[in-house]
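Engineer: Following is a predicted model, sequence given first.
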Amino acid sequence: MKNNDLLDLTDKQLRENLSEERISFSRLRLSHAVTPLENPMKIRVAKKKIARIQTELRKRLLSQLAK
């Protein structure tokens, strides 16, 4: 998901996506610990998705507090 896509989502949708990505990330880490993944870059991509969503949520929170 690109940053432009995140801008179009509501706060509720972002929180839902964040929880889904966190669950997906934890599953990836667990499966990688048991048997190595074919593509370990998926872990890095998942981390970056989580960070992007958290950054957008934080940006929105700070803009609301500034008003």
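Structural biologist: That came through fine.
Engineer: Dump the least confident helix or strand in the chain by mean pLDDT to PDB, restricted to CA.
Structural biologist: Counting by mean pLDDT, DSSP states H and E, the chain has its least confident helix or strand at helix 3-8, which shows a mean of 86. Only the C-alpha atoms of helix 3-8 are listed here, as PDB (Å, rounded to 0.1, in the frame of the first residue of the first chain):
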ATOM      1  CA  ASN A   3       1.300   6.500   1.000                       C
ATOM      2  CA  ASN A   4      -1.200   8.100  -1.400                       C
ATOM      3  CA  ASP A   5      -3.600   5.200  -0.800                       C
ATOM      4  CA  LEU A   6      -3.300   5.700   3.000                       C
ATOM      5  CA  LEU A   7      -4.400   9.400   2.600                       C
ATOM      6  CA  ASP A   8      -7.700   8.300   1.100                       C
END
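Engineer: So which elements touch whatever helix or strand comes next after it?
Structural biologist: Downstream of helix 3-8, the first helix or strand assigned by DSSP states H and E is helix 11-34. Contact analysis of helix 11-34 by 3 or more Cβ pairs under 8 Å, 6 or more residues apart in numbering; DSSP states H and E lists helix 41-66 as its packing neighbours. C-beta: built from backbone N, CA, C; applies to glycine.
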